[in-house]
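*Asks:* Below is the sequence, then the predicted model.
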Amino acid sequence: MKRSLFLKFLLAYILFGVLGFVSIARLSSDMTYRYLIREQANNLYSEATLISTSYSDSQSLYLSEEMINEQMKAVSTFLHVEIWLVDRDGMIISDSRQELKKGQTIQSFDPTMTGNQRYLEGDFHGMFSEPVLTVAAPITRGYSTRGYVLIHMPVQNILASQFEILNIVYITGLIIFLLSLIILLVFYIIVYRPLRRITEGAMRYAEGDYSYRIRSRSHDEMGYLAETLNFMSEEIAKADDYQRQFVANISHDFRSPLTSIKGYLEAILDGTIPKELEEKYLLRLIAETERLTKLTQSMLSLNSTEQKGLLMRTNFDINRVIKEVCASFEMTCRKKNMTFELTFAARKEMVYGDYAKLQQVLYNLIDNALKFSDPSTSILIRTGRSGTKVFVSVKDSGIGIRKRDLQKIWDRFYKTDQSRGRDKQGTGLGLAIVKSIVSAHGENIDCVSTEGVGTEFTFTLPAAQQEIG
Ligand code: ATP
Ligand code: MG
């Protein structure tokens, strides 16, 4: 996983940090600078106006010069600024900084230089080596302007304040950036790590390792996904096992009759079986081929009922079907001296289902009951109605089924050890077919059995619908 989700998130996070920082720096530095300049210019302008008013009120520009100069110096030291007194032509009359520029004339001096802004930024006509912020206030006496008070403040001073404000902004930005790391951490714990585990699990399943379990403790969608995948792998493992078992059983069940057929045929061909006994062995061959035919038919029947929707439903009397199936077992019954006891709640019990398939169900159940019972016992068959359902039960007093086998009897090819001794012809498909037919009708079949006492199979069927029947 070269480009992991986490890496992408991390890159996005870093990009967010860098872009956020750059835009905050760009915007806030510009805004604070503009704000500070405006603020300072206003302050300086108020100061300049204050000084110019002092001059305007005094009698002459030169009269109280010393006193005013004192005031200028005090303001200049306090505000770290340079204050000039300039006459109308731009000649510097007084300078707060040791009179260094006194007597100099400002080239192309223009009193309206500041315009609406009230301030000017720059080196002020080349008179400063570093950029300064300049404000000018006129000194008026009567109705005429006598001169100007100019205050210059090095931009450097403003930059220092700006730097301090920006520092606060940057530190706040950094704290927010670091706090947002929590989101990344939460993403890592809640999404990324479980996703890694799920991906790892999916890879293992793809490699066929269905025993792998995805660890998950969360109860959110991720946990649910992990649980679902775990369940899926269990089901696949079961299906896999079942498939393997199925193929093994088919091969086994097909191989044994084929081996005996081959053995008998070779024996007949090479004369091991004498001519007079050939007929006896040919009859055995027929029995074996019949077994193969039964096996194939059973598998086909199982396949067709499992593809639902193939039922040919009609309304018919299930009691009549039971009587018919019982009649077909007459010969077997006579041989084993067994009897059927039929107990019907009503003379007719109309059901809605597939006639031929339900006939097969009854055939398989009665066949089992006869096969797994001792001679001279009887088989009890009951039908009755409860609500919209009709129930049918087939009960014998035979060998019974052990508790641990009860769950498995419905599996394809499953035969209990006891039955293997009794019935070598059985395929173990009978009950699988029964179950699939009953399920296709949307109904249930249940088995209650006690070893050595007997077995009872009960299944339900939908009662015939009145309007149709
Ligand atoms: P087939 O039905 O193809 O002849 P089978 O009868 O052996 O073969 P199922 O009908 O599927 O196969 O039955 C599965 C197993 O369940 C039987 O082999 C037997 O061990 C057991 N079983 C079924 N019915 C009874 C019963 N009435 N009494 C005792 N055991 C039974
Ligand atoms: Mg059977």
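*Replies:* Received, thanks. Numbering: from 1, shown residues only. Ligands and ions are numbered 1, 2, ... in the order given.
*Asks:* Residue numbers of the stretch 351-469 of the chain in contact with ligand 1?
*Replies:* Taking CB under 6 Å from any ligand atom, the part of the stretch 351-469 of the chain that reaches ligand 1 is made up of 364, 368-369, 372, 396, 398-401, 409, 414-416, 419, 423, 426-432, 455. No exception for glycine: its C-beta is placed from N, CA and C like everyone else's.
*Asks:* Now, those that are in helices?
*Replies:* Counting by DSSP state H, those place 364, 368-369, 419, 430-432 in helices.
*Asks:* Can you go through these and name the buried ones?
*Replies:* By neighbour count, with 16 or more other CB atoms under 10 Å, these hold 364, 368-369, 419, 430-432 as buried.
*Asks:* Identify the spatial nearest neighbour of the closest residue to ligand 1 within the stretch 201-350 of the chain, chain neighbours not counted.
*Replies:* Nearest residue of the stretch 201-350 of the chain to ligand 1 (CB to the nearest ligand atom) works out as Ser298 at 5.9 Å. Leaving aside its sequence neighbours, Ser298 sits nearest to Leu429 (CB to CB, 6 or more residues apart in numbering; 4.1 Å).
*Asks:* Equivalent analysis for Ala48, please.
*Replies:* The nearest residue in space to Ala48 (CB to CB, 6+ apart) is Ala137, at 3.7 Å.
*Asks:* Show me how far stretch 350-367 is from its chain's centre.
*Replies:* Offset of stretch 350-367 from its chain centre (CA atoms, centre = their mean, to the nearest Å): 46 Å.
*Asks:* repeat for stretch 452-469
*Replies:* Worked out by CA atoms, centre = their mean, stretch 452-469 lies 44 Å from the chain centre.
*Asks:* Next: stretch 193-205.
*Replies:* For stretch 193-205 - counting by CA atoms, centre = their mean - the centre lies 12 Å from the chain centre.
*Asks:* Kindly report the same for stretch 410-429.
*Replies:* Centre-to-centre, stretch 410-429 and its host chain are 45 Å apart (CA atoms, centre = their mean).
*Asks:* tell me, which of the ones in helices among the residues of the stretch 351-469 of the chain next to ligand 1 make contact with ligand 2?
*Replies:* 368, 430 (CB under 5 Å from the ion).
*Asks:* ok, the ones in helices among the residues of the stretch 351-469 of the chain next to ligand 1 vs Arg291, which is closest?
*Replies:* Gly430 (13.5 Å; CB to CB).
*Asks:* hang on, the closest one packs against Gln297?
*Replies:* No: between Gly430 and Gln297 there is no contact under CB atoms under 8 Å: 11.7 Å.
*Asks:* May I have the secondary structure class of the nearest residue to Leu36 once chain neighbours are set aside?
*Replies:* Leaving out its chain neighbours, the residue that sits closest to Leu36 by CB to CB, 6+ apart is Ile158, at 5.0 Å. Look at Ile158: counting by DSSP: H, G, I helix; E, B strand; the rest coil, its state is helix.
*Asks:* what's the farthest-apart pair in the buried ones among the ones in helices among the residues of the stretch 351-469 of the chain next to ligand 1?
*Replies:* Using CB to CB, these span at most 17.1 Å, a distance reached by Ala369 and Ala432.
*Asks:* And the contacts of the helix or strand Tyr205 falls within?
*Replies:* For Tyr205, the host element (DSSP states H and E) is helix 193-206. Where contact means CB atoms under 8 Å, 6 or more residues apart in numbering, the residues beyond helix 193-206 that reach it are 1, 5, 212-216, 218, 222-223, 225-226, 229-230, 232-233, 236.
*Asks:* ok but Gln107 is inside a strand, no?
*Replies:* No: Gln107: not assigned to a strand; according to three-state DSSP it is coil.
*Asks:* Provide the backbone phi and psi angles at Gly398.
*Replies:* For Gly398, the backbone dihedrals are phi -100, psi -150 (criterion: degrees, to the nearest 10).
*Asks:* Next: His125.
*Replies:* Per degrees, to the nearest 10, the backbone of His125 is at phi 50, psi 30.
*Asks:* Repeat that for Glu443.
*Replies:* Taking degrees, to the nearest 10, you get phi -120, psi -180 for the backbone angles of Glu443.
*Asks:* hey, what's the nearest residue to it once chain neighbours are set aside bridged with?
*Replies:* Among residues not flanking Glu443 along the chain, Thr460 sits closest, at 4.6 Å (CB to CB, 6+ apart). Beta-bridge pairing of Thr460 under DSSP bridges involves Phe391.
*Asks:* Same question for Ser94.
*Replies:* Beta-bridge partners of Ser94, as defined by DSSP bridges: Leu85.
*Asks:* how close does it sit to Tyr55?
*Replies:* 10 Å (CB to CB, to the nearest Å).
*Asks:* again with Asp123
*Replies:* 26 Å.
*Asks:* Next one, pLDDT for the closest residue to ligand 2 within the stretch 351-469 of the chain please.
*Replies:* Relative to ligand 2, the nearest point of the stretch 351-469 of the chain is Gly430 (2.7 Å; CB to the ion). pLDDT recorded at Gly430 is 89.
*Asks:* if we can go back for a sec, when Asp123 and Tyr55 are compared, which one has more neighbours?
*Replies:* Ranked by neighbour count (other CB atoms under 10 Å), Asp123 and Tyr55 place Tyr55 first, with 24 against 13.
*Asks:* what's near enough to touch that one?
*Replies:* 61, 68, 85, 139, 146-147, 149.
*Asks:* out of those residues, who has the most neighbours?
*Replies:* Val149 (26 neighbours).
*Asks:* Contacts for the host helix or strand of that one, please.
*Replies:* Take DSSP H and E as the rule and Val149 turns out to sit in strand 144-154. Residues outside strand 144-154 that contact it (CB under 8 Å, 6+ apart): 40, 44, 47-49, 51-52, 55-56, 61, 79-88, 93, 111, 124, 128, 130-140.
*Asks:* Turn the buried ones among the residues you listed into a named ChimeraX selection, would you?
*Replies:* Here is the ChimeraX command that selects the buried residues among the contacts of strand 144-154 (16+ other CB under 10 Å):
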select :40,44,47,48,51,52,55,56,61,79,81,82,83,84,85,86,87,93,124,132,133,134,135,136,137,138,139
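*Asks:* Among the contacts of strand 144-154, which lie within helices?
*Replies:* Reading helices off the contacts of strand 144-154 with DSSP H, I get 40, 44, 47-49, 51-52, 55-56, 79.
*Asks:* can you redo these as JSON lines with pLDDT?
*Replies:* Below are the ones in helices among the contacts of strand 144-154 laid out as JSON lines (pLDDT from 0 to 100):
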{"residue": "Gln40", "pLDDT": "90"}
{"residue": "Leu44", "pLDDT": "91"}
{"residue": "Glu47", "pLDDT": "89"}
{"residue": "Ala48", "pLDDT": "89"}
{"residue": "Thr49", "pLDDT": "89"}
{"residue": "Ile51", "pLDDT": "85"}
{"residue": "Ser52", "pLDDT": "85"}
{"residue": "Tyr55", "pLDDT": "76"}
{"residue": "Ser56", "pLDDT": "75"}
{"residue": "Leu79", "pLDDT": "84"}
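*Asks:* Let me know the closest of the residues you listed to ligand 1.
*Replies:* The nearest one, if we look at those relative to ligand 1 and count by CB to the nearest ligand atom, is Gln40, at 100.6 Å.
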